[in-house]
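Novice: dropping the sequence and predicted coords here.
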Protein chains: 2
Amino acid sequence: MSALLASLPHPVIAAPMAGGPSTPALAAAVSGAGGLGFLAAGYLTPDRLAADLAETRGLTARPFGVNVLAPNAEPVDRAAVDAYARRLREHEGRWGVALGEPVGGDDAYAEKIALLADQAVAVVSFAFALPEPAAVRTLHDRGIEVWCTVTRPADAPLAADLGADALIVQGIEAGAHRGGADDTDDYALLPLLRLVAARTSLPLVAAGGVGDGAALAAVLAAGASAAQLGTAFLRTPEAGTSHVHRAALDSTRPTALTRAFTGRRARGIENRFMRDHDPAAPAAYPQVHQVTAPLRAAARAAGDPDGVNLWAGQAYPLTRALPAAELVGRLVAGATAASEGAWRRLNRSRLDG
Amino acid sequence: MSALLASLPHPVIAAPMAGGPSTPALAAAVSGAGGLGFLAAGYLTPDRLAADLAETRGLTARPFGVNVLAPNAEPVDRAAVDAYARRLREHEGRWGVALGEPVGGDDAYAEKIALLADQAVAVVSFAFALPEPAAVRTLHDRGIEVWCTVTRPADAPLAADLGADALIVQGIEAGAHRGGADDTDDYALLPLLRLVAARTSLPLVAAGGVGDGAALAAVLAAGASAAQLGTAFLRTPEAGTSHVHRAALDSTRPTALTRAFTGRRARGIENRFMRDHDPAAPAAYPQVHQVTAPLRAAARAAGDPDGVNLWAGQAYPLTRALPAAELVGRLVAGATAASEGAWRRLNRSRLDG
């Protein structure tokens, strides 16, 4: 059971957003406001992660968490990756860059676990796969909580058996990558929370499409101990979100799930790259991520919204550009009003009587 | 604005379920318990609908509603329907029945509107398309409320301009047919409610994946005036749910969206017919519905769960076989406790201080 979740002044968690948006400044601001900030270890070198940990500790004395992308043992079809890369070769000339090499790898998983254990962060959350028992023991031995991401009810007892202290329950409306071991599930957050709650007594963190205070109140009513919001924090000044990504969030275009950018299903605002390549993209993470990375970096630098992954949850049109601490305050105030409204509606006959 | 919604003792609506499950007994039981029952006019002859209205009125003096499937003007590719029918011909021999004729038609739409106006039911809700302005005028002239189903934010202002009194906001987790004008949207209920609330001040009815009291409290917190539950009522003794469908609901198999049964995307428990034919099924409602109807009737009579449409929302494993009035009471009690829990979590620091 998570003592950390129970101790939070406000049930608001900044989702880890690898690839730039999560920063020490954002994590510290959210933790300082009474929520829980997160760093995203994904794609960072261990040295850079160590530097980010030190920087965050310099900015806040409050607890914060770190998310790790666990290696997934699913075999990858290398021929399919090569065929997809051939299809993308046309983009090389446009941007004057070479496609990346699909080298695979585990993102320095073991070194990161050792570093986080050594640094005794408050909580390590896992996505893309459940951690192996040894990692859980290593972290627990240092008093570090372990949270696991689940996207289907059947994963809940597996994570509980591993000794997870809380489950991050991610619905299909969530922005960016599907965080579960299998990326094909399609459970929406609300039914998934209730189905997971029926299978475990672990505390639940609700993730996906929570864009404002009313939605926060909703997931608390549905049994979550807190909500984890990513997209809502993308437009804060503390986030490292790129200019092209920030500009795209100021729209109402639909989102869609795609493997076109990374080989793992992820939700972003629809654009041309997604439409052109989604049907051909294989299930091959991190190989497709590695192949497309130079193209995306070039399009990002050039400010081309049709060439980059514009990760966003379905509620993204509700986001506002506010400082992170102010956003936490507004979320809590909005949630309090919304939960009072729900209670009043349910007790109307009693109140009238 | 909906005076009816504001007058309901309990914010619980029984979703209309065409094809058998919705019955006068179920509608009357839910209305009698302080919720709002619904009849489903879809697939009924006007005479049968008139008889059901009379029977329901004999069972309750409380208001209830009727849902109408509005004709959708989308053109249908007849060649694609014929190709799909050829593929299904193998099933004819198995069941000793002929495939149905894809005759199209509008399900006696005009006669049903005239009948409902004449009978002055409390509310008529529309699915599959927005009603035309003349139908809205006809119903409003008789004091009948008009509720429209939306599955994407852009539909909300269109329905408001038509004069709708409330919007039924259906998320992707919902069982059975997608109720909006376009069946390709994929908005989950929670973000959809918030996005629709940002575009209209009409009262909202939340539909999709609401399986218990906690989920009811969640959608009220998210701004809904009531929740419309279908799957939750399928196992009540008052429902006309088939035996094979009831038995299938006592499982935890995943659901999926498919056009295999009717040509319009709908969510049901995965089975062989869905897996075998989904990839080939065209977007052609009601033609595909008409082609497969004899096969489904035969499989239903034979108790074969792999040959029938087992409509169910994602929360279906939470359903319990309870009398409808008892279910309404449990939903409200569970929602009250859940909304109190959410309020207490949000006010913890205040309560501790």
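Specialist: It's in.
Novice: please make it C-alpha for all contacts and neighbour counts, starting now.
Specialist: Noted.
Novice: tell me the SS of A:L39?
Specialist: strand (DSSP: H, G, I helix; E, B strand; the rest coil).
Novice: and the nearest residue to it once chain neighbours are set aside, helix, strand or coil?
Specialist: The shortest distance from A:L39 to any non-neighbouring residue, by CA to CA, 6 or more residues apart in numbering or on different chains, is to A:V66 (4.7 Å). Recorded secondary structure, A:V66: strand (three-state DSSP).
Novice: what ranges do the strands span in chain A?
Specialist: A:12-14, A:37-40, A:64-69, A:123-127, A:145-150, A:166-170, A:176-177, A:204-207, A:226-229, A:255-258, A:266-269 (DSSP state E).
Novice: neighbouring strands - and their directions - for the second one?
Specialist: In the sheet containing strand A:37-40, the strands it pairs with under DSSP bridges are strand A:64-69 (parallel).
Novice: got the strands of chain A as a markdown table, with mean neighbour count and mean pLDDT columns?
Specialist: Below are the strands of chain A laid out as a markdown table (neighbours: other CA atoms under 10 Å in any protein chain shown; pLDDT from 0 to 100):
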| stretch | mean neighbour count | mean pLDDT |
| --- | --- | --- |
| strand A:12-14 | 27 | 98 |
| strand A:37-40 | 28 | 98 |
| strand A:64-69 | 24 | 98 |
| strand A:123-127 | 24 | 98 |
| strand A:145-150 | 28 | 98 |
| strand A:166-170 | 27 | 98 |
| strand A:176-177 | 24 | 98 |
| strand A:204-207 | 28 | 98 |
| strand A:226-229 | 27 | 98 |
| strand A:255-258 | 24 | 98 |
| strand A:266-269 | 25 | 98 |
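Novice: for the nearest residue to A:P323 once chain neighbours are set aside, grab phi and psi.
Specialist: Nearest residue to A:P323 in three dimensions, chain neighbours excluded: A:T236, at 5.1 Å (CA to CA, 6+ apart). Here is the backbone geometry of A:T236 (degrees, to the nearest 10): phi -70, psi 150.
Novice: whichever residue of chain A sits closest to chain B: what's its closest spatial neighbour, skipping adjacent residues?
Specialist: Residue of chain A nearest chain B, by CA to the nearest CA: A:A218 (3.9 Å). Nearest non-adjacent residue to A:A218, counting by CA to CA, 6+ apart: B:A218, 3.9 Å away.
Novice: correct me, but that neighbour touches A:A221?
Specialist: Yes. Shown here, B:A218 and A:A221 form a contact pair, counting by CA atoms under 8 Å, at 5.0 Å.
Novice: now for A:V244, how many residues are close by?
Specialist: For A:V244, the neighbour count with other CA atoms under 10 Å in any protein chain shown is 19.
Novice: next: the one 4 residues further on.
Specialist: Other residues lying near A:A248 total 18 when counted by other CA under 10 Å.
Novice: wait, it touches A:D304, no?
Specialist: No. The criterion here is CA under 8 Å, and A:A248 misses it with A:D304 at 10.2 Å.
Novice: which neighbours do those two share?
Specialist: Here A:A248 and A:D304 have no joint contacts, going by CA atoms under 8 Å, 6 or more residues apart in numbering or on different chains.
Novice: residues in contact with A:I172?
Specialist: Here A:I172 is in contact with A:R178, A:D185, A:D186, A:Y187, A:A188, A:L189, A:G208, B:A188 (CA under 8 Å, 6+ apart).
Novice: do you know how far it is from B:F273?
Specialist: Counting by CA to CA, to the nearest Å, the separation of A:I172 from B:F273 is 25 Å.
Novice: might one say that A:A166 is in contact with A:T200?
Specialist: No. Using CA under 8 Å, A:A166 makes no contact with A:T200, being 10.0 Å away.
Novice: follow-up on the earlier one: so can I have JSON lines of the contacts of A:I172 showing pLDDT?
Specialist: Formatted as JSON lines, the contacts of A:I172 follow (pLDDT from 0 to 100):
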{"residue": "A:R178", "pLDDT": "98"}
{"residue": "A:D185", "pLDDT": "95"}
{"residue": "A:D186", "pLDDT": "96"}
{"residue": "A:Y187", "pLDDT": "98"}
{"residue": "A:A188", "pLDDT": "98"}
{"residue": "A:L189", "pLDDT": "98"}
{"residue": "A:G208", "pLDDT": "98"}
{"residue": "B:A188", "pLDDT": "98"}
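Novice: what is the nearest of those to A:G100?
Specialist: Using CA to CA, A:R178 is the member of the contacts of A:I172 that sits closest to A:G100, with 22.7 Å.
Novice: distance check, that closest one against A:T184.
Specialist: Taking CA to CA, one finds A:R178 at 8 Å from A:T184.
Novice: give me the more crowded residue out of the two.
Specialist: A:R178 (27 against 14).
Novice: quick one, what contacts that one?
Specialist: Contact analysis of A:R178 by CA under 8 Å, 6+ apart lists A:F128, A:T151, A:Q170, A:I172, A:R264, A:R265, A:A266, A:R267.
Novice: tell me how many other residues surround A:R142.
Specialist: There are 15 residues near A:R142, going by other CA under 10 Å.
Novice: ugh, wrong one, I meant A:L53
Specialist: 22.
Novice: check the one 5 residues further on too.
Specialist: A total of 12 residues lie near A:G58 under the criterion other CA under 10 Å.
Novice: what of A:D276?
Specialist: Count around A:D276 with other CA under 10 Å applied: 11.
Novice: what do you get for A:D183?
Specialist: A:D183 has 18 nearby residues by other CA under 10 Å.
Novice: was I right about it contacting A:R264?
Specialist: Yes. Between A:D183 and A:R264 there is a contact at 6.7 Å, judged by CA under 8 Å.
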